[in-house]
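Colleague: coords please:
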Amino acid sequence: MPLGTLDRNPPPMFRQGYSALSKLVFFSALALFLMVADTRFKMVLPLRAAIATVLSPVERALRTPLEVWRGGGDYLGGLSKALAAEDAARRQLAAQAERAARGEQLAAENARLRALLELRPAIQVRSVAAEVLYEAPDPYSRKVFLDRGSLNGIALGSPVVNEAGVLGQVTRVYPLNAEVSLLTDKDAAIPVLNTRTQQRSAAFGTSLGGGMELRFIASNADVKEGDLLTTSGVDGVYPAGLAVARVVSVDRKGESGFAHILLAPTAKPDSVRHVLVLEPLGLQMPKRPEPEVPIEAVGKARKAKGKPADAASAAASAPARGASR
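Modeller: Numbers count the residues shown, from 1 in each chain. You can find the predicted model right below:
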């Protein structure tokens, strides 16, 4: 065979082509160009969107078995949870029905006892619903502002409560809003009643930790952790029976005559949004009678100051002389 007819090209597996370094430089430059173009000029975004559109049905088809498996498991688990929740709800409903029946019996018994003792009915407290706008910017106090004011019937000193208990008291009233000092404020105080021992005391706010404390309680007083404190209702401001706080710690120091008692408010002021503003009991109670001053005491006081008794006192004393005759 003539040498000129031989194929001098190497087989495909032995063809070298471009060197490995050249390929590395080319593809590195291409990758860098694509990254810059995608980041700066968004040139690859249409291509990516087209690929995602094409692959979306394939992805959904591949995920179908997994979704079916998970859906079946969730259905079976949800069915068992629903049955357990229904059972718990039935038990809770039965317990609530029992408590409601006992509450009706106690209310009827209370009405009979009041009628037997000829006591006046319990005061019906009027309330106004309000919403917390924001917290006062003062870092050294715990106060919030409400979206109701004097135009809505809010009075100074009104108690502020929610479903958990007492939150505080209105300390400033404006036409369209009101300022509320929370029970955890360092200047706040509220009379309380221990529901276990029926002992009355006063709870004060503290400047540390947003809690409260009982002050001036003897070290041997019957106070335990977990005791519930409610409003006593004897101050003419708060209705009786509203939850205030629970005792969290009792430190009976031997060197001091008083115990250090810390409380946790039942109503959390940091998570409250909607409240009720109650009308102070003092506005619904009868006015206190003014102390009567004897006429003789007035005359003696004026004589001691060197002033004669005026005509009004003389006229007032005249009927008394006639009656004595």
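Colleague: only C-alpha atoms for contact and neighbour calcs from this point on.
Modeller: Noted.
Colleague: so is Ala49 in a helix, a strand, or just coil?
Modeller: helix (DSSP: H, G, I helix; E, B strand; the rest coil).
Colleague: Burial check on it, number of neighbours?
Modeller: For Ala49, the neighbour count with other CA atoms under 10 Å is 11.
Colleague: who does whichever helix or strand Ala130 is part of touch, helix- and strand-wise?
Modeller: Applying DSSP states H and E as the criterion places Ala130 in strand 127-135. Counting contacts by 3 or more CA pairs under 8 Å, 6 or more residues apart in numbering; DSSP states H and E, strand 127-135 is packed against strand 143-146, strand 274-278.
Colleague: can those strands go into CSV with extra columns for mean pLDDT?
Modeller: Converted to CSV, these look like this (pLDDT from 0 to 100):
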stretch, mean pLDDT
strand 143-146, 92
strand 274-278, 91
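Colleague: gap between Leu151 and Tyr174?
Modeller: To Tyr174, Leu151 is 8 Å away according to CA to CA, to the nearest Å.
Colleague: With Asp138 instead?
Modeller: 18 Å.
Colleague: So between those two, which is more surrounded?
Modeller: Shown here are Asp138 and Tyr174; by other CA under 10 Å, Tyr174 has more neighbours (15 against 8).
Colleague: OK, contacts around the residue nearest to the more buried one when sequence neighbours are not counted?
Modeller: Leaving aside its chain neighbours, Tyr174 sits nearest to Gly149 (5.4 Å; criterion: CA to CA, 6 or more residues apart in numbering). Gly149 is in contact with Val173, Tyr174, Pro175, Leu176, Asn177, Ala178, counting by CA atoms under 8 Å, 6 or more residues apart in numbering.
Colleague: got any ranges where the stretch 1-150 of the chain has weak pLDDT?
Modeller: In the predicted model, the stretch 1-150 of the chain carries pLDDT under 70 at residues 1-17, 116-124.
Colleague: Tell me where it has helices.
Modeller: 20-36, 45-117 (DSSP state H, counting those that start in this stretch).
Colleague: neighbours of Lys23, just the number please.
Modeller: Around Lys23 there are 12 residues (other CA under 10 Å).
Colleague: thinking again about what came up before, between the helices and strands packed on strand 127-135, which one is closest to Leu182.
Modeller: strand 143-146 (5.7 Å; CA to CA).
Colleague: which other helices and strands contact that closest one?
Modeller: strand 127-135, strand 178-182.
Colleague: Out of those, which one sits most buried?
Modeller: strand 178-182 (a mean of 24; mean count of other CA atoms under 10 Å).
Colleague: Check which helices and strands the following helix or strand past that one sits against.
Modeller: With elements assigned by DSSP H and E, the helix or strand that comes after strand 178-182 is strand 189-194. In terms of contacts (3+ CA pairs under 8 Å, 6+ apart), strand 189-194 is packed against strand 200-205, strand 228-231.
Colleague: Mean neighbour count for these - can I get that in JSON lines?
Modeller: Shown next, in JSON lines, are these (neighbours: other CA atoms under 10 Å):
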{"stretch": "strand 200-205", "mean neighbour count": "20"}
{"stretch": "strand 228-231", "mean neighbour count": "26"}
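Colleague: what's the closest of those to Leu76?
Modeller: Nearest to Leu76, of these and by CA to CA, is strand 228-231 at 42.8 Å.
Colleague: what packs against the helix or strand just after the closest one?
Modeller: Using DSSP H and E, the next helix or strand after strand 228-231 towards the C-terminus is strand 243-251. Judged by 3+ CA pairs under 8 Å, 6+ apart, the packing partners of strand 243-251 are strand 165-173, strand 228-231, strand 260-265.
Colleague: Cool, thanks, talk later.
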